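Novice: the sequence and its predicted three-dimensional model are supplied below.
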Amino acid sequence: MSFEYKVTGGDFTHAGYASSQVKKMLKQLGVDSTIIKRVVVCLYEAEVNIVAHAYDGVINIVLDADNIFMKLTDNGPGIADIEMAMQKGYSTASPEVREMGFGAGMGLPNISANADRFIITSEPGRGTSLEITINLSGTVA
Amino acid sequence: MKVEEICSVLNGQLVCGSNMVNREVTHAFASDLMSDVLTVNCSNLLLITGLTNVQAIRTAEMSDIECILFVRNKMVTPEMKDLAEELGITLITCPVTMFRAAGELYRAGMKPLF
Ligand SMILES: Nc1ncnc2c1ncn2[C@@H]1O[C@H](COP(=O)(O)OP(=O)(O)OP(=O)(O)O)[C@@H](O)[C@H]1O
Ligand SMILES: [Mg+2]
């Protein structure tokens, strides 16, 4: 199964919609709740990062019996120093983003902690791409 | 601690989930930073926050948090209420500060995460 969602930069009202849909779907499929939580925490953090830091983006999800693969690609300023961005506490979030409850510099490290495989690439001035894989350990009913 | 008890300790009001006054939470976590909340792993957790927007509800959804306490009489918007109702998340508002809410709940037996 594969799914696609669009994400709009700055749109905090709808941020989390894709993550919510994916959560419902995994629940319906009978995936273990601790695995669902890891999936949706990763996806939500990545989705909010597009809303908070980029202009627009696309989420592609591919689900099979063994894994969920999530690719998020955005058009945006990109990340010049990925190593720095991966550090806990590093954030360039604007005051508007902080007002929405984000900007702790915890998102990327938390994605890394929850994913089985996490690849982040970026072209400064163009955009960022995240590939997140989580093993479903055959829990899909 | 039951939702009912939280309301009575803090003079709080149930905004939605009136059928859930008997819902139990054992631990509480206070933060206005949603990414901080998203690092927490604990069931039956109460989120204490001053952040009143839709993302507070979304964060609870992703974190499997079933009960949120909003401090300092912050207004819960209709969008927040609708979403919480759809997701079965209990919302409580109370007039006191975050520090006071945490202190009173701690004294009443609510556990911290660590
Ligand atoms: N999609 C993106 N486009 C451009 N920059 C990004 C993107 N994602 C992350 N960044 C950069 O990396 C930094 C760290 O991201 P991270 O998600 O860890 O923290 P944050 O979004 O600032 O705060 P939090 O996630 O805790 O709310 C961001 O502040 C931003 O500078
Ligand atoms: Mg982030």
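Specialist: Received the coordinates, thanks. Ligands and ions are numbered 1, 2, ... in the order given.
Novice: now A:Lys37. Nearest residue, chain neighbours left out?
Specialist: Across the structure, with Cβ to Cβ, 6 or more residues apart in numbering or on different chains as the measure, the residue nearest A:Lys37 apart from its sequence neighbours is B:Asp64 (5.9 Å). All C-beta atoms are positioned from the backbone trio N, CA, C, and that covers glycine.
Novice: thought that neighbour was touching B:Asn41?
Specialist: No - look at B:Asp64 against B:Asn41 with Cβ atoms under 8 Å: they stay out of range, at 9.1 Å.
Novice: neighbour-wise, which of those two wins?
Specialist: Counting neighbours by other Cβ atoms under 10 Å in any protein chain shown for B:Asp64 and for B:Asn41 shows that B:Asp64 has the greater number, 19 against 14.
Novice: for the helix or strand that contains B:Tyr106, name the packing helices and strands.
Specialist: Following DSSP states H and E, one finds B:Tyr106 within helix B:98-107. Contacts of helix B:98-107 with other secondary structure elements, assessed using 3 or more Cβ pairs under 8 Å, 6 or more residues apart in numbering or on different chains; DSSP states H and E, are made with helix B:3-10, strand B:27-30, strand B:45-49.
Novice: swap in 10 Å and give it another go.
Specialist: helix B:3-10, strand B:27-30, strand B:45-49, strand B:67-70 (3 or more Cβ pairs under 10 Å, 6 or more residues apart in numbering or on different chains; DSSP states H and E).
Novice: what's in contact with it?
Specialist: B:1, B:5-6, B:9-12, B:25, B:28-32, B:46, B:48-50, B:69-72, B:92, B:94-97, B:110-112 (Cβ atoms under 10 Å, 6 or more residues apart in numbering or on different chains).
Novice: buried ones only from these, please, as a ChimeraX command.
Specialist: A single ChimeraX command is used to select the members of the contacts of helix B:98-107 judged buried by 16 or more other Cβ atoms under 10 Å in any protein chain shown:
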select /B:1,5,6,9,10,12,25,28,29,30,31,32,46,48,49,50,69,70,71,92,94,96,110
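Novice: show me which of the contacts of helix B:98-107 neighbour chain A.
Specialist: Judged by Cβ under 10 Å from any Cβ of the partner chain, the overlap between those and the neighbourhood of chain A comprises B:Ser31, B:Asp32, B:Thr49, B:Gly50.
Novice: assign the second one to helix, strand or coil.
Specialist: Secondary structure of B:Asp32, reduced to three states by DSSP: H, G, I helix; E, B strand; the rest coil: coil.
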